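A.B. asks: coordinates only, no sequence provided:
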């Protein structure tokens, strides 16, 4: 059944527009199925260089699934993904990913510095040893998220916010041009949220591209300049003015947002 | 500790230690991936595999039996996946269903097969025959330098040495992908680690360890060594590298201490007969785990804020 679905989706795809070559990430017709039901259906998206995009939508809208499928972490039924104008597989070195904090077991036997060094594993390959310079670089990444004092700490002893910052430091160690983050602000303290957004804005200032699954509509306009609004399908995509509108939000969230709430959002 | 020790005890202790190391090494990763039961499952399904190999070939030869056990282990892994997906059953239950069924099938087939003339029975499957692996050519420590005497070592020793070396080398070689895929599967996949292949490779390594160890030491030791030394080691340290090193230490300690206690313990206590070495080695490994749970430096871990799912 999946195969037939895939075939149908491919046929549909041929009529779609060709990928734009120079975007950090270009997604065409992405469809993901969980247990026979589409979790993400035929979504197109373009992440523009030097922009910060929020992926928003109601619970169960497929935001995280979209991100994971775009990166090839969960299988997709159909869809094309190019990164920096190349097939995803050959562009992975330029992409960093921060999974949801709750997706890993923080009881794992590792120290903070060990986790940050994982960001260098692709560069190091299977056997090249970690050098003193690599350790120094990992410490710099920890310093950028304000965690340099915790390098030797067992990761199970971190608070939620501290753990999130360590994940961000690992992504910084990947030295990427495109950063994809899954709910980086979920369940973190206010100080951590400020620290993370400063780091992300710093990345944008360097011309890098940031994409984050985000759940707090109240901060979208403060933190981001572009929006991808999802509810299984793509509802809207573009700049805040184009896509972060009461009409689009109403379409994505349905009756789940009070009208007064929408008005307040639209005036920011 | 002279000639008698070399002839009667040296080979069993080395074989027991190698079997323990071979199982403990992949056991570390199974434990951290919350798949510790896979070791249990694999060691149980080895019995039907061996019985089937005997039925097909009609002889108790090493290679066909190891092949049969290997095939059974892979069949069990496929069956666990099938039960989990088709029945939508949680992985632990799928493993439990698979290995009890396959082990019971092995017992049934064994019962209906004429194995009276060969050394193949349920007791052997559970306990192995560690005590019988003596080195008749070992006349003393000097025999270790005598090629003719070395050739008389039990063949199990050479097989286990090779299996242990293969397992240790592969884990060393693929240390980073294994560590990444065990800690954070999503991140591992994003940086290009083939996470499914790594997971399957780990199960195949575990099957290799179980099959190589099973013939010599029986499934009691195999099951215990997949879980107990890594579990004990986890309570001693908060670093993966150190955990694996500690697990090797505890594996060898269990094998040596267990063998000596089984052979001499009852005599020291005034009894006459030795007890099963396999049973004692597994018991010692459990005692070490209990001690580490009470006194291990890394037993208290407070992942309070991290919200591990």
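C.D. replies: Perfect, thanks for sending it. Please read all numbers here as calculations on a predicted model, not as lab measurements.

A.B. asks: any chance you could map the helices in chain B?
C.D. replies: B:3-5, B:11-32, B:36-57, B:62-86, B:91-112, B:122-127, B:147-150, B:155-173, B:175-183, B:185-190, B:195-234, B:240-268, B:277-295 (DSSP state H).

A.B. asks: figure out which of those helices is closest to residue A:101.
C.D. replies: For residue A:101, the closest of these is helix B:185-190, at 11.3 Å, according to C-beta to C-beta. C-beta coordinates here come from the backbone N, C-alpha and C atoms, glycine included.

A.B. asks: tell me the mean pLDDT for that closest one?
C.D. replies: For helix B:185-190, mean pLDDT is 95.

A.B. asks: what's that helix packed up against?
C.D. replies: Applying 3 or more C-beta pairs under 8 Å, 6 or more residues apart in numbering or on different chains; DSSP states H and E, one finds that helix B:185-190 contacts strand A:95-98, helix B:175-183, helix B:195-234.

A.B. asks: quick revisit: need the winner for burial among the helices of chain B.
C.D. replies: helix B:11-32 (a mean of 27; mean count of other C-beta atoms under 10 Å in any protein chain shown).

A.B. asks: how about TSV for the helices and strands packed on helix B:185-190, with distance to residue A:215 added?
C.D. replies: Listed next are the helices and strands packed on helix B:185-190 as TSV, based on distance: least, C-beta to C-beta, whole Å:
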stretch	distance to residue A:215
strand A:95-98	15
helix B:175-183	25
helix B:195-234	27
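
A.B. asks: out of these, which gets nearest to residue B:23?
C.D. replies: So among the helices and strands packed on helix B:185-190, helix B:195-234 is nearest, using C-beta to C-beta, at 3.7 Å.

A.B. asks: starting at the chain centroid, how far to the closest one?
C.D. replies: With C-alpha atoms, centre = their mean, to the nearest Å as the basis, helix B:195-234 stands 4 Å off its chain's centre.

A.B. asks: cool, and stretch B:261-272?
C.D. replies: Its chain's C-alpha centre and that of stretch B:261-272 lie 26 Å apart, by C-alpha atoms, centre = their mean.

A.B. asks: mind checking which of the helices of chain B is nearest residue A:102?
C.D. replies: helix B:185-190 (11.4 Å).

A.B. asks: elements contacting the helix ranked longest in chain A?
C.D. replies: The single longest helix within chain A, with elements called by DSSP H, is helix A:190-205. Applying 3+ C-beta pairs under 8 Å, 6+ apart, we find helix A:190-205 packed against strand A:52-56, helix A:160-173, strand A:178-182, strand A:209-213.

A.B. asks: mind redoing it with 6 Å?
C.D. replies: Counting by 3 or more C-beta pairs under 6 Å, 6 or more residues apart in numbering or on different chains; DSSP states H and E, the packing neighbours recorded for helix A:190-205 are strand A:209-213.

A.B. asks: so the strand it packs on versus strand A:52-56, what angle?
C.D. replies: 20 degrees (axes from the mean of the first three to the mean of the last three C-alpha atoms, to 10 degrees).

A.B. asks: please point out which parts of whichever helix or strand comes after strand A:209-213 sit buried.
C.D. replies: Remark: after strand A:209-213, the chain's next helix or strand is helix A:217-223, criterion DSSP states H and E. By 16 or more other C-beta atoms under 10 Å in any protein chain shown, the buried positions in helix A:217-223 come out as A:217, A:220-221, A:223.

A.B. asks: roughly how far out does helix A:217-223 sit from the chain middle?
C.D. replies: Using C-alpha atoms, centre = their mean, the offset of helix A:217-223 from its chain centre is 16 Å.

A.B. asks: and what of stretch A:59-69?
C.D. replies: That offset, for stretch A:59-69, works out to 10 Å (C-alpha atoms, centre = their mean).

A.B. asks: and it with chain B, contact?
C.D. replies: No. Judged by C-beta under 6 Å from any C-beta of the partner chain, stretch A:59-69 makes no contact with chain B; its nearest approach is 6.6 Å.

A.B. asks: now that stretch: average pLDDT?
C.D. replies: The model assigns stretch A:59-69 a mean pLDDT of 94.

A.B. asks: list the buried residues of that stretch.
C.D. replies: Across stretch A:59-69, burial judged by 16+ other C-beta under 10 Å covers A:61-69.

A.B. asks: helices - which of these land there?
C.D. replies: Reading helices off those with DSSP H, I get A:63-69.

A.B. asks: quick one: low-confidence parts of the chain?
C.D. replies: Defaulting to chain A. Applying pLDDT under 70 to chain A flags the ranges A:1-21, A:255-268.

A.B. asks: oops, I was thinking of chain B
C.D. replies: If you take pLDDT under 70 as the line, chain B has these spans: B:1, B:60, B:114-121, B:300-309.

A.B. asks: so which residues on the stretch 1-150 of chain A come close to chain B?
C.D. replies: A:71, A:73, A:92, A:97, A:99, A:102-109, A:121-122.

A.B. asks: no further queries at this time; thank you.
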